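Visitor: Provide a 3D model corresponding to the input given below.
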Amino acid sequence: MTNDLLRIDDLDRKIIAQLMEDGRRSFRSLGAVVGLSAPAVKRRVDRLRTSGVIDRFTITVDPRVMGWSVEAFIELFCAPRTPAQRIREALAGHPEIVSAFTITGDADALLHLRVANAAHLEETLERIRAETMVTQTRSVVVLSHLLERA
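Guide: This is a model prediction of the structure:
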């Protein structure tokens, strides 16, 4: 990967913005918006993918449709000197964890969970607490979303 591949210009930014809105847009459709031919857009998207600017294409599923309508944030407290990689490995096997972050403060990590109901939350917390490095958790349940940005 060279530095040339990492430079993005205004056209790249416009393409990225359009793909963030709809990752299935055709190159022709993208070109019509940004003022390039479909082959030129494809070359730019390929370069953005190769350089790592575009990491992947994915879908977003409404968790309510899947029956996972309860959200919670969990502060995770771990044994002293537990490396972040060990925490990541332990959490990877819990599909209810939407995202996890190392954080400042008393807790070692903050987890965002989606579950079906209180019983599912309790069962998930029990599985997380069973991880050998976990010493304590502190939970809050989301009541409503006030603001959400992509």
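Visitor: Determine which residue lies closest to the centroid of this structure.
Guide: What sits nearest the mean C-alpha location of the chain, by Cα atoms, centre = their mean, is residue 99, with 5.9 Å.
Visitor: Show the backbone phi and psi for that residue.
Guide: phi -160, psi 160 (degrees, to the nearest 10).
Visitor: Tell me the buried residues in the strand or helix carrying residue 72?
Guide: Secondary-structure assignment from DSSP states H and E places residue 72 in strand 70-78. Using 16 or more other Cβ atoms under 10 Å as the test for burial, strand 70-78 gives 70-72, 74-76, 78. All C-beta spots, glycine's among them, are computed from the backbone N, C-alpha and C.
Visitor: Pull the distance from stretch 40-57 to the chain's centre.
Guide: Centre-to-centre, stretch 40-57 and its host chain are 19 Å apart (Cα atoms, centre = their mean, to the nearest Å).
Visitor: Show me which of the buried residues of strand 70-78 is closest to residue 149.
Guide: residue 71 (16.1 Å; Cβ to Cβ).
Visitor: next one: phi and psi at the closest residue to the closest one other than its chain neighbours?
Guide: Of all residues not flanking residue 71 in the chain, residue 142 sits nearest, at 3.9 Å (Cβ to Cβ, 6 or more residues apart in numbering). Backbone torsions for residue 142, taken as degrees, to the nearest 10, come to phi -80, psi 130.
Visitor: Residue 142 touches residue 72, doesn't it?
Guide: Yes. Counting by Cβ atoms under 8 Å, residue 142 sits close enough to residue 72 to count as a contact (6.5 Å).
Visitor: elements contacting the strand holding residue 72?
Guide: Contacts defined by 3 or more Cβ pairs under 8 Å, 6 or more residues apart in numbering; DSSP states H and E place strand 70-78 against strand 109-115, helix 118-129, strand 134-141.
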